[in-house]
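Peer 1: Next one to model:
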Amino acid sequence: MKRILIVFLFTGMGLNVLLLGISCSNQTPNTAFIAPAQTVAANNPAWTPTPTFTFTPTFTITPTPIPYPISGFNTPYALAIDSKGNVYVGDMGNSLIKQYVNGVYNTSWPPKTKNGLVYTSPRAIAVDSSGNLYVVGNVGTGNTVSKYDSNGDVPPLQYSASMSTTLYGVAVNNTATVLYVSDSGNSRIVSLSLPAGGLNTAFNGTGILPLSSIIPYGLAVDSTGRLLVAGSDGNVRVYTSAGSVAATIQGFNTPYAVALDVNNNLYVSDTGNHQIEEFGFVSGGYTSSPVNIIGLGTLVNPEGIALDSSANVYVVDSGNGELLQFP
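Peer 2: Next up is the predicted model:
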């Protein structure tokens with residue numbers, strides 16, 4: 001009885017087959033027959049292991065920014081956008097408010113109060129739903145918040161009651177009935193009623209929110225009326241109208257300004273880290289880590305930040321003396 005043993009050999013040239021004839025009878029076996037090596041064409045190349053890939057997600061988005069026309073900035077800080085898309089920059093070193101219309105520089109306003117005094121260093125700007133601007137600046141040895149209409153005219157309104165000489169932030173609520181001011185020199189937030197300008201009943205009826213040793217910087221108000229405060233301790237806190245902390249976002253290096261888009265997503269000028277960080281809005285607060293990082297490697301000491309109705313991000317790049325739009 002004879003059996004045939006077939007041996008398959010895999011080589012880089014394809015599939016080789018050896019046929020071995022082996023006698024299994026009790027008789028003297030025939031001489032073993034070893035067939036010549038034959039190459040059988042394979043339809044596919046020799047099998048190789050599937051490589052393993054390690055994917056590390058990144059949330060850094062640095063689109064090419066669109067620079068606005070340079071108009072002689074000298075330490076720009078403040079930034080705001082009205083409902084028509086007009087952009088306002090507080091050029092602190094030149095003591096001017098500069099207006100851009102349709103992406104083009106339009107005019108500059110010398111910052112005057114209703115009594116004709118010219119204040120210096122416009123540090124922050126807020127704009128209400130009617131296009132009125134509220135500007136923080138100092139007059140002589142005392143600070144004030146002045147109101148402008150969209151044409152740069154100064155209505156008969158001025159707030160300067162019992163605040164320090166260091167005001168870093170200003171924000172107005174959606175109904176233009178409450179104005180918040182970072183009274184940074186006194187480590188507190190002052191809440192004023194509009195249009196009269198007196199202290200209101202926020203923060204348990206006092207109109208004053210003390211922050212202990214924290215110096216408040218930029219402010220923003222979300223669609224539910226909660227106040228967001230960037231602080232010198234590297235945190236951004238969300239306060240209710242009663243003055244309690246509803247949420248805290250941590251880990252910044254000098255967060256100078258905060259802004260919100262139409263969906264309440266939060267944007268923070270992380271000035272010391274030279275970038276803008278976006279946090280998604282979730283029930284009761286915000287994501288604990290940024291969902292997007294904008295401007296890394298481009299910005300130097302970003303200060304003011306604002307968003308238009310299409311969620312384009314505008315940044316005052318103070319270190320480079322530029323106004324940039326990130327689409």
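Peer 1: Show me the shaky parts of the stretch 151-300 of the chain.
Peer 2: In the predicted model of the stretch 151-300 of the chain, residues 155-161 satisfy pLDDT under 70.
Peer 1: Going by residue numbers, what spans are helices in it?
Peer 2: 202-205 (DSSP state H, counting those that start in this stretch).
Peer 1: Contacts for stretch 307-326 next, please.
Peer 2: Here stretch 307-326 makes contact (Cβ atoms under 8 Å, 6 or more residues apart in numbering) with 63, 65-68, 70, 73-79, 81, 83, 85, 87, 89, 100, 103, 259-262, 267, 269, 274, 276, 294-295, 298-306, 327. Using the backbone N, CA and C atoms, a C-beta is placed for each residue, glycine as well.
Peer 1: Just the ones of the residues you listed in strands?
Peer 2: 66-67, 76-79, 81, 87, 89, 100, 259-260, 267, 269, 276, 294, 302-306 (DSSP state E).
Peer 1: Which ChimeraX command selects the buried ones in these?
Peer 2: Buried residues within these, by 16 or more other Cβ atoms under 10 Å, are selected in ChimeraX with:
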select :76,77,78,79,81,87,89,100,259,260,267,269,276,294,302,303,304,305,306
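Peer 1: What are the contacting residues of stretch 268-285?
Peer 2: 218, 230, 236, 238, 246-247, 249, 252-258, 263-267, 286-287, 289-296, 299-305, 313, 315, 319, 326.
Peer 1: which among the residues you listed end up buried?
Peer 2: Among the contacts of stretch 268-285, those scoring as buried are 218, 230, 236, 238, 247, 249, 252, 255-258, 264-267, 286, 290, 292-295, 299, 301-305, 313, 315, 326 (criterion: 16+ other Cβ under 10 Å).
Peer 1: Hmm, residue 225 and residue 174 touching each other?
Peer 2: Yes. Under the contact definition of Cβ atoms under 8 Å, residue 174 touches residue 225, with a separation of 7.5 Å.
Peer 1: Can you tell me the closest non-neighbouring residue to residue 249?
Peer 2: Among residues not flanking residue 249 along the chain, residue 236 sits closest, at 4.5 Å (Cβ to Cβ, 6 or more residues apart in numbering).
Peer 1: How about residue 222?
Peer 2: Residue 222 sits nearest to residue 264 (Cβ to Cβ, 6+ apart), 5.1 Å away.
Peer 1: Likewise for residue 72?
Peer 2: residue 94 is the one closest to residue 72 (Cβ to Cβ, 6+ apart), at 7.0 Å.
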